[in-house]
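> my questions are about this predicted structure, shown below with the sequence.
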Amino acid sequence: MNKELESVYALWKRELIRFYRSKSRVIGSLGMPFFFLTILGTGMNSIFTVPNGGNYLEFIAPGIIGMVLMFGSMFSGIIVIVDRQFGFLKETLVAPVSRTSIVLGKALGGATTALVQGIIIMVIASFLGVNFQIANIALLLLFMLMISVMFVSLGIAIASKMEDMHGFQIIMNFLIMPLFFLSGALFPLSTAPELLRTASMLDPLTYGVQGLRFILLGYSDIPFALCFAVITGFTIAFIAIAVYAFNRIEE
Amino acid sequence: MTNAIEVKKLSKHYKELKAVDEIDLLVEEGAIFGLLGPNGAGKTTLISMLVTMRRPSFGTATVNGFDIRENPGKVRESIGIVFQDQSLDDELTALENLEMHASLYNVPKKERKKRIRELTELVGLEKNLKTIVKTFSGGMKRRLEIARGLLHHPKVLFLDEPTLGLDPQTRAGIWQYIKKLNKEKEVTIVLTTHYMDEADSVCSKIAIIDQGKIIALGSPKSLKNKLGGDVVSIECEKADLCQQELEKIPWVKKAIKHDDSVDARVEKGEKKIPKILAMASKKGIKVNSVNLRKPSLDDVFIHYTGKTIREQEANSLDAMRVRRKIWRHRR
Ligand SMILES: Nc1ncnc2c1ncn2[C@@H]1O[C@H](COP(=O)(O)OP(=O)(O)O)[C@@H](O)[C@H]1O
Ligand SMILES: [Mg+2]
């Protein structure tokens, strides 16, 4: 058991080292959320009315954090494909550790890097004038980590089935946009049309964004307990799918 | 002497293709065992099964006494492997790659530093530990992989084409390390290679594999002795005709054409050269050069597979590409 834990730790650390060495790429990937915050947040301020009377920038900030978590973690699943193409996958597959540990190490590593990106964008949002009222910082970090683990597992599951990075990128772009726009990151669910609201309820990110909005701002369309329960459920399910898919990789 | 590896009727089928076909094999402890064979012979597939990367279709094997089907975890703990294709993390430093391996293989924490120092000295990389692997040359990467494969003190080390694509000097260095390892650390070594002369000087025993079957087995010396006699190599025009004519002569044991030459195996070669030249001039075959030698492992290889390994090697890059494509399509 101890042995498996150490392997998980080693693989987690590896993700962090790789993340640290690709700083420029990370900064680039924070460009889009930054523009969402600055342009959308300030430009649309006068058009939108927000339930609790807060400003629009404040309203979308948790949604943008959720987006960064999802982007960062889902794309980090690409490590499975990178490892296959550059051969490192074999080194892990022939090691005397369970594949579950390998998946967990990669998932926790990818999630941690996404968490770091989420925190960076949160700090940026504060500088832009968003006044977060964080009641429970431990809960916030835990919740952000869970959202990340959930999506990185989804990313690993998809990557395990893909032949190359190109295909993976196509699928990601295909998935990420609808998940983001349906999540209620940019508009209140309470005043959305029925059809849109139903679709939103099927989107895991919805519960992430709503939960974050509750922790960060104190209000949400969905009760926090429900958000937490749904994210827990999705996280467990996606880890299971990721382990299953990764187990079926030959060679 | 006990056996490090016992292979029993091991087979791997890919659809109709029998990549490994009921192979039986024993590898003694302490041996440097060479698997030789043309491209696609099944060497990598055989090794993949022995290291529990691929599941056999039929049959089984034990490695260090552990069954590869029943006890893959124990097999993995007791072996090291250097894969045919590179398997390092390029973006990590050499040290980080080694430390990761130590974690994955549960090398005792207290020993790690010492072993890393010792092994990197052995392969001459002690000054490059903090360098990112991406900047390493092919030979340095290979040596790092060998050091990594030994970090957890395996009893058997598998090396799949450890010197393919490296320059001669680096190759010589790597063989030196391998021999040293085998002696000093008493590691049993199973390797595949394309370089016959190197296999000859390094391996204590050799199996020649073709189309998934073992077609010859023995020490390099005994394999060469088995061929017997001399090899007269005739470089000439109309090599096809020359080969046909030589085959007709009763005292020519075998004549094989490769490139622009024909190799004829005969007894007392020095006495046969004039006769061969006479035959050639009668048939109007222009001979450019003649060469007499004792059979080499190359000749053994030609004898059993009908081809030189060089002819195989010329296609090797293509073969690899094709294989990769097939693999992609399959998934
Ligand atoms: N995953 C695979 N799927 C289908 N065929 C394969 C696969 N791997 C290898 N082969 C085929 O099995 C044969 C043996 O390949 P391999 O073991 O790589 O040979 P070698 O290492 O001796 O060059 C080849 O014909 C190759 O094309
Ligand atoms: Mg091979």
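Perfect, thanks for sending it. Ligands and ions are numbered 1, 2, ... in the order given.
> in contact with the residue of chain B found nearest ligand 2, which residues?
Closest approach between chain B and ligand 2, counting by Cβ to the ion: B:T44, at 3.2 Å. Where you see a C-beta, it was placed from the backbone N, CA and C, and this is true even at glycine. Neighbouring residues of B:T44 by Cβ atoms under 8 Å, 6 or more residues apart in numbering or on different chains: B:84, B:160, B:192.
> reformat those as TSV; add neighbour count and secondary structure.
Below are the contacts of B:T44 laid out as TSV (neighbours: other Cβ atoms under 10 Å in any protein chain shown; DSSP: H, G, I helix; E, B strand; the rest coil):
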residue	neighbour count	secondary structure
B:Q84	19	coil
B:D160	21	strand
B:T192	24	strand
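> output the below-cut-off pLDDT ranges for the chain.
Because you didn't say which chain, this covers chain A. Where chain A drops to pLDDT under 70, the residues are A:1, A:49-53, A:251.
> that's the wrong chain, I wanted chain B
B:1, B:308-331.
> give the residue farthest from the middle of it.
B:K282 (42.1 Å; Cα atoms, centre = their mean).
> ok so, going back, which strand or helix spans the residue of chain B closest to ligand 2?
Under the criterion DSSP states H and E, the helix or strand holding B:T44 is helix B:43-50.
> can I get that helix in CSV? Just the C-alpha atoms.
Taking C-alpha atoms only, helix B:43-50 is exported to CSV below (Å, rounded to 0.1, in the frame of the first residue of the first chain):
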residue,chain,number,x,y,z
LYS,B,43,12.0,-10.7,-30.8
THR,B,44,10.2,-7.7,-29.4
THR,B,45,7.0,-9.6,-29.0
LEU,B,46,8.8,-12.4,-27.1
ILE,B,47,10.4,-9.9,-24.8
SER,B,48,7.2,-8.0,-24.3
MET,B,49,5.5,-11.2,-23.1
LEU,B,50,8.4,-12.0,-20.8
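> from the chain's centroid, how far away is it?
Here the centre of helix B:43-50 is set off from its chain's centre by 12 Å, with Cα atoms, centre = their mean, to the nearest Å.
> that older thread, show me what contacts the residue farthest from the centre of chain B?
The contact partners of B:K282, by Cβ under 8 Å, 6+ apart, come to none.
> how about whichever residue of the stretch 1-150 of chain A sits closest to chain B, secondary structure?
Closest contact between the stretch 1-150 of chain A and chain B, by Cβ to the nearest Cβ, is at A:A10 (3.5 Å). Going by DSSP: H, G, I helix; E, B strand; the rest coil, the secondary structure assigned to A:A10 is helix.
> now do the contacts for the residue lying closest to it once chain neighbours are set aside.
Closest residue to A:A10 apart from its sequence neighbours, by Cβ to Cβ, 6 or more residues apart in numbering or on different chains: B:S103 at 3.5 Å. Counting by Cβ under 8 Å, 6+ apart, B:S103 makes contact with A:6-7, A:9-10.
> a markdown table for those residues, including neighbour count?
Converted to a markdown table, these look like this (neighbours: other Cβ atoms under 10 Å in any protein chain shown):
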| residue | neighbour count |
| --- | --- |
| A:E6 | 19 |
| A:S7 | 24 |
| A:Y9 | 15 |
| A:A10 | 22 |
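> identify the farthest-apart pair in the residues you listed.
A:S7 and A:Y9 (7.1 Å; Cβ to Cβ).
> joint contacts of those two?
Residues within reach of A:S7 and of A:Y9 at once, by Cβ under 8 Å, 6+ apart, are A:105, B:103.
> please name the nearest non-neighbouring residue to residue 105.
Picking chain A for this. Going by Cβ to Cβ, 6+ apart, A:G105 has A:L11 as its nearest residue, at 2.7 Å.
> that was the other one, I meant chain B.
B:H152 is the one closest to B:Y105 (Cβ to Cβ, 6+ apart), at 3.8 Å.
> right, and the one you found touches B:V107 too?
Yes. If you go by Cβ atoms under 8 Å, B:H152 and B:V107 touch, sitting 5.3 Å apart.
> can I assume B:L159 is in contact with B:I189?
Yes. B:L159 is in contact with B:I189 according to Cβ under 8 Å; the separation is 6.6 Å.
> what touches both of the two?
B:I178.
> so which residue is smack in the middle of chain B?
Centroid check for chain B by Cα atoms, centre = their mean gives B:T192 as the closest residue, at 1.9 Å.
> which parts of the stretch 1-150 of chain A are helices?
A:2-21, A:23-29, A:31-35, A:41-43, A:56-76, A:79-86, A:88-93, A:99-127, A:137-161 (DSSP state H, counting those that start in this stretch).
> now swap in chain B and tell me
Along chain B, counting by DSSP state H, helices occupy B:43-50, B:72-78, B:94-104, B:109-122, B:138-150, B:168-184, B:196-202, B:220-227, B:239-248, B:269-282, B:297-305, B:309-314, B:316-330.
> which of these sits closest to ligand 1?
Ligand 1 sits nearest to helix B:43-50 of all those, at 3.1 Å, using Cβ to the nearest ligand atom.
> is ligand 1 contacted by the closest one?
Yes. Using Cβ under 6 Å from any ligand atom, helix B:43-50 comes into contact with ligand 1 via B:43-45.
> how about residue 47, what does it touch?
Picking chain A for this. Counting by Cβ under 8 Å, 6+ apart, A:I47 touches A:Y56.
> actually chain B
If you count contacts by Cβ under 8 Å, 6+ apart, B:I47 has them with B:35, B:81, B:158, B:160, B:190, B:192.
> thanks a lot, catch you later.
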